[in-house]
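Peer 1: A predicted structure for the sequence below; I have some questions about it.
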Amino acid sequence: SALTWLEDGQERRARWRSESDAVPPRRVVVADDRTRADDAYRMACEGTAMLWRGDFQNARQLLQAMTRRAQRTPKRAQRRRSKQHNTTGTVQEFHLHRQAQGQRARTLGMLLVPVDAGHVVPLRRAPDVERACTEAYGTAEEPYVVSLRELLGVIGAHEWRKKGVAIPALGGDRVHPHYGVFSPVRGEYVDLVAQAPVPDDCALAYDIGTGTGVLAAVLARRGVGRVIATDNDPRALACA
C-alpha cells in the first residue's frame, strides 16, 4: 500500500510499511524540530500522522514525550474503568485493557519517518539502519515510510540478534532471535521444559511453533533422539 501527503504544495507518495498491517494514515502533515509534544500528541490522538523532516534524535525525544502523555490516565477514565471492573469482571477488564493498549499503539504509531532506497534514513543524526532493516524487511529498492516506533523496534531487535540471549538450560549458550520472533528473555517456560520428566528412551519429540528453536535445542540437549520443530513464520524457521 502507499502513503500520500501534501508537502510544499505538491502531492507526494511513498510505499507504506507496517509489520502489524496497519492501514496507511489518511491525514498526514509534515513535522519537524519545531513541533511541540502537546501538539503532536493531540494530532496523533485525532488520527493525524506526522511525517518527520527534522533531526532524528529529536524525533526520538518527541516519541518519548508522547509516550509519557499516553501513559497518563485521566481521573475520569480511571473512575470509568473502576466502575466497569465492578460490574463486568476479569475477562471484560482484560479486553478493555487490550483495547486501551491497541489505541495507545495506534496513537504512538502516528510519528512517521521517511526511508530511502537501501534503507537509508535521510534525516540529520540518523543512525545507520541498513543492516537492521535488511534483517527485518529484506532489500529495499524504493523509498518507503514507516512509523518511528516500528523502526526503533527493528533497531532494538537487531541489537538483540547480535548480542543473543544466554540460556541457562543450554549451559549458557546463546540464541539469537530474529526480528518478529519471540525472544526468550524470560526463561520460565524454558526451565519448565528443562526440568520436566523425560523418559530415558524418548526417541522423538515435537516442538510446535518453535520460534527461536530454544525448546527444541533443550530437548536435544537432554538426549531426545530426534526433535521435529515446526513453525509457519519464515523468520522463526530461519532463526531456529
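Peer 2: Noted; the coordinates are in hand.
Peer 1: What segments of this protein are helices?
Peer 2: 37-45, 56-71, 75-87, 90-108, 130-137, 148-163, 188-195, 214-221, 234-239 (DSSP state H).
Peer 1: and those, which one is worst for confidence?
Peer 2: Note on these: helix 75-87 shows the lowest mean pLDDT, a mean of 57.
Peer 1: Save the helices of the chain as TSV, and put in mean neighbour count too.
Peer 2: C-beta: built from backbone N, CA, C; applies to glycine. Output for the helices of the chain, formatted as TSV (neighbours: other CB atoms under 10 Å):
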stretch	mean neighbour count
helix 37-45	17
helix 56-71	17
helix 75-87	11
helix 90-108	13
helix 130-137	18
helix 148-163	17
helix 188-195	14
helix 214-221	21
helix 234-239	16
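Peer 1: Those: which one's closest to S18?
Peer 2: Checking these against S18 by CB to CB gives helix 148-163 as the closest, at 6.9 Å.
Peer 1: That closest one packs against which elements?
Peer 2: Judged by 3 or more CB pairs under 8 Å, 6 or more residues apart in numbering; DSSP states H and E, helix 148-163 is in contact with helix 56-71, strand 111-115, helix 130-137.
Peer 1: Which of these sits closest to H95?
Peer 2: helix 56-71 (19.3 Å).
Peer 1: which strands and helices sit next to that closest one?
Peer 2: Judged by 3+ CB pairs under 8 Å, 6+ apart, the packing partners of helix 56-71 are helix 37-45, helix 90-108, strand 111-115, helix 148-163.
Peer 1: Distance from the chain centre to that helix, please.
Peer 2: 16 Å (CA atoms, centre = their mean, to the nearest Å).
Peer 1: Could you point out which of the helices of the chain sits nearest D201?
Peer 2: The nearest among the helices of the chain, by CB to CB, is helix 214-221 at 14.1 Å.
Peer 1: Need the residues that contact that closest one.
Peer 2: Helix 214-221 has contacts (CB atoms under 8 Å, 6 or more residues apart in numbering) with 167, 169-171, 173, 175, 184, 189-190, 193-194, 198, 205, 207, 210, 227, 229, 240.
Peer 1: Any of the residues you listed buried? List them.
Peer 2: When the contacts of helix 214-221 are checked for burial by 16 or more other CB atoms under 10 Å, the buried set is 167, 169-170, 175, 184, 190, 193-194, 205, 207, 210, 227, 229, 240.
Peer 1: Present the residues you listed as a markdown table; the columns should include distance to D8.
Peer 2: Shown next, in a markdown table, are those (distance: CB to CB, whole Å):
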| residue | distance to D8 |
| --- | --- |
| I167 | 52 |
| A169 | 57 |
| L170 | 55 |
| V175 | 48 |
| P184 | 48 |
| V190 | 53 |
| V193 | 58 |
| A194 | 59 |
| A205 | 61 |
| D207 | 54 |
| T210 | 50 |
| V227 | 58 |
| A229 | 52 |
| A240 | 48 |
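Peer 1: As TSV, the helices and strands packed on helix 148-163 with distance to R149 would be great.
Peer 2: Converted to TSV, the helices and strands packed on helix 148-163 look like this (distance: least, CB to CB, whole Å):
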stretch	distance to R149
helix 56-71	7
strand 111-115	7
helix 130-137	14
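Peer 1: out of those, nearest to H158?
Peer 2: Among the helices and strands packed on helix 148-163, the nearest to H158 by CB to CB is helix 130-137 (3.5 Å).
Peer 1: so what does that closest one touch, helix or strand wise?
Peer 2: Helix 130-137 packs on helix 148-163, going by 3+ CB pairs under 8 Å, 6+ apart.
Peer 1: The helix it packs on to helix 90-108, inter-axis angle?
Peer 2: Counting by axes from the mean of the first three to the mean of the last three CA atoms, to 10 degrees, helix 148-163 lies at 100 degrees to helix 90-108.
Peer 1: Now do helix 148-163 against helix 130-137: the angle between them, please.
Peer 2: On the basis of the same axes, to 10 degrees, helix 148-163 is oriented at 100 degrees to helix 130-137.
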